[in-house]
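Student: Have a look at this fold, sequence not included:
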């Protein structure tokens with residue numbers, strides 16, 4: 001397992017991206033809308049890590065609720081799970097609570113979230129390892 005990305009909730013991904021461009025040497029930027037999560041994703045690819053800017057697509061988005069309650073800032077840490085189903089099962093067998101089931105997230109990868117109460121107040125996303133090229 002490894003850190004896949006750090007996600008940051010923002011009100012406006014384009015404005016946030018301009019701020020990050022002022023300080024980061026960005027290798028590549030990818031933009032995607034994920035309707036089932038009601039979020040617009042701007043993935044900032046750095047040399048060996050990634051930041052994900054999350055902008056709500058409407059007022060019913062979980063990101064919209066997060067922004068109203070906490071304001072902009074770190075939303076979650078994503079961990080690549082090489083075998084997501086078995087990693088989730090192992091965690092559940094060890095008493096870890098999840099928020100929903102495994103589902104499709106950005107880039108068509110399987111994802112699920114661990115309840116923050118299970119990991120010391122941090123929302124953690126398990127995401128399927130990207131396909132090998």
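Tutor: On my side now, so go ahead. Fair warning: this is a prediction, and the values are worked out from it, not measured in the lab. Numbering: from 1, shown residues only.
Student: alpha carbons only for contacts and neighbour counts from here, please
Tutor: Fine.
Student: Can you give me the neighbour number for residue 99?
Tutor: Residues lying near residue 99 (other Cα atoms under 10 Å) number 12.
Student: tell me which element it falls in.
Tutor: Taking DSSP states H and E as the criterion, residue 99 maps to strand 98-104.
Student: Report the buried residues of that strand.
Tutor: Within strand 98-104, the residues that qualify as buried are 98, 102, 104, counting by 16 or more other Cα atoms under 10 Å.
Student: What segments of this protein are helices?
Tutor: 13-21, 62-70, 84-93 (DSSP state H).
Student: Can you spell out which helices and strands pack onto the second one?
Tutor: So the one you mean is helix 62-70. The helices and strands touching helix 62-70, judged by 3 or more Cα pairs under 8 Å, 6 or more residues apart in numbering; DSSP states H and E, are strand 2-9, strand 50-56.
Student: try 6 Å
Tutor: Helix 62-70 is packed against no helix or strand, with contacts defined by 3 or more Cα pairs under 6 Å, 6 or more residues apart in numbering; DSSP states H and E.
Student: From the centre of this structure, point out the most distant residue.
Tutor: Relative to the centre of the chain, the most outlying C-alpha is that of residue 93, 23.7 Å out, by Cα atoms, centre = their mean.
Student: what pLDDT does that one get?
Tutor: Listed pLDDT for residue 93 reads 97.
Student: Tell me how far it lies from residue 48.
Tutor: Relative to residue 48, residue 93 is positioned 32 Å away (Cα to Cα, to the nearest Å).
Student: returning to that earlier point: so which of the helices of the chain is the most packed in?
Tutor: When the helices of the chain are scored by mean count of other Cα atoms under 10 Å, the highest mean neighbour count falls to helix 62-70 (a mean of 16).
Student: Next, the angle strand 2-9 makes with that one.
Tutor: 70 degrees (axes from the mean of the first three to the mean of the last three Cα atoms, to 10 degrees).
Student: what does helix 62-70 contact?
Tutor: residue 56 (Cα atoms under 6 Å, 6 or more residues apart in numbering).
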